[in-house]
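K.L.:
next comes the sequence, and after it the predicted model I'd like to discuss.
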Amino acid sequence: MTAWLSWSCGKDSAYALGLRPDVTGLLTTVSAGRVPVHGVPRQLVEAQAAALGLPLHVVELPWPCPNAEYERRTGAALAAAHAAGADTVVYGDLHLADIRAYRERTLAGTGLAPEFPLWGRPTGPLARDMIAAGLRAVVVSVDPVRVPAGLAGHPFDEEFLAALPEAADRCGENGEFHTFVTDGPGFRAPVPVRVTGVGERDGMVVAELAPAISPAAP
């Protein structure tokens, strides 16, 4: 049996992926062509999956999306995962007990077991472990109430960690910031991106990403 991984396109799910070599599929949600919350375009998430050599299973969500409809659509995707031979869904959650409890309730009776390989790890050392392991990411959104707005679009690196206010979680587990992974363990090639602008969406300061333009061949 094998595992699917709940793919947010960010650092936590990418690092969790590196700990589970038996993952055979990535499961993500998309609304209006973008990942909810931080708005990364679907084409960039597809580029990540291609670089990882894994199929991307996309749950299309309407906007707005009532919770009952969300659960109906994600439930169908979970049933497909089980039918394809998966027995586990891996999540990159770190320490939010209510989120973990929701995941566990969602999987109850599906034949799929939840797994949380990063659960409970101190987030300061974990963030540095990610960087040391070669994980590369761009900060795609920040909560300006808790993190300086100018950090949107910054690489997720030691300089970024040093610039975070003391009270901010170093992995952004409380929603302080979100990331898009461009390289790391398991990637066959980087997914180069460029920041085309910074704006505001639902109270977050968001860096708009697009595929990086390759230099013209001589």
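P.N.:
Sure thing, it's come through.
K.L.:
chain center to the biggest helix by length in the chain, what's the gap?
P.N.:
Under DSSP state H, the helix in the chain containing the largest number of residues is helix 67-83. Its chain's C-alpha centre and that of helix 67-83 lie 19 Å apart, by Cα atoms, centre = their mean, to the nearest Å.
K.L.:
list the buried residues in that helix.
P.N.:
Judged by neighbour count using 16 or more other Cβ atoms under 10 Å, the buried positions of helix 67-83 are Tyr70, Arg73, Thr74, Ala77, Leu78, Ala81, His82. No exception for glycine: its C-beta is placed from N, CA and C like everyone else's.
K.L.:
skipping adjacent residues, who's closest to the second one in space?
P.N.:
Spelled out, it's Arg73. Val59 (5.2 Å; Cβ to Cβ, 6 or more residues apart in numbering).
K.L.:
got it, and the fifth one?
P.N.:
Excluding the flanking residues, the one nearest Leu78 by Cβ to Cβ, 6+ apart is Thr110, at 5.1 Å.
K.L.:
I'd say the one you found and Ala77 touch.
P.N.:
No - the pair Thr110 / Ala77 is not scored as a contact, 10.4 Å apart, by Cβ atoms under 8 Å.
K.L.:
tell me which residues touch the closest residue in space to Val193 that isn't next to it in sequence, please.
P.N.:
Of all residues not flanking Val193 in the chain, Leu209 sits nearest, at 4.6 Å (Cβ to Cβ, 6+ apart). With contact set as Cβ atoms under 8 Å, 6 or more residues apart in numbering, Leu209 has these partners: Val40, Pro41, Leu44, Val138, Val140, Phe180, Val193, Arg194, Val195, Thr196.
K.L.:
give me the mean pLDDT for stretch 156-171.
P.N.:
Averaging pLDDT along stretch 156-171 gives 98.
K.L.:
stretch 76-94 now?
P.N.:
96.
K.L.:
from here on, call the first residue 441.
P.N.:
Sure, I'll start counting at 441 from here, so that last one is stretch 516-534.
K.L.:
any idea which element Arg545 lies in?
P.N.:
helix 537-547 (DSSP states H and E).
K.L.:
check which helices and strands that helix is in contact with.
P.N.:
Contact here means 3 or more Cβ pairs under 8 Å, 6 or more residues apart in numbering; DSSP states H and E; on that basis helix 537-547 packs against helix 507-523, strand 553-555.
K.L.:
redo these as a markdown table? Include distance to Gly626.
P.N.:
Formatted as a markdown table, the helices and strands packed on helix 537-547 follow (distance: least, Cβ to Cβ, whole Å):
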| stretch | distance to Gly626 |
| --- | --- |
| helix 507-523 | 19 |
| strand 553-555 | 17 |
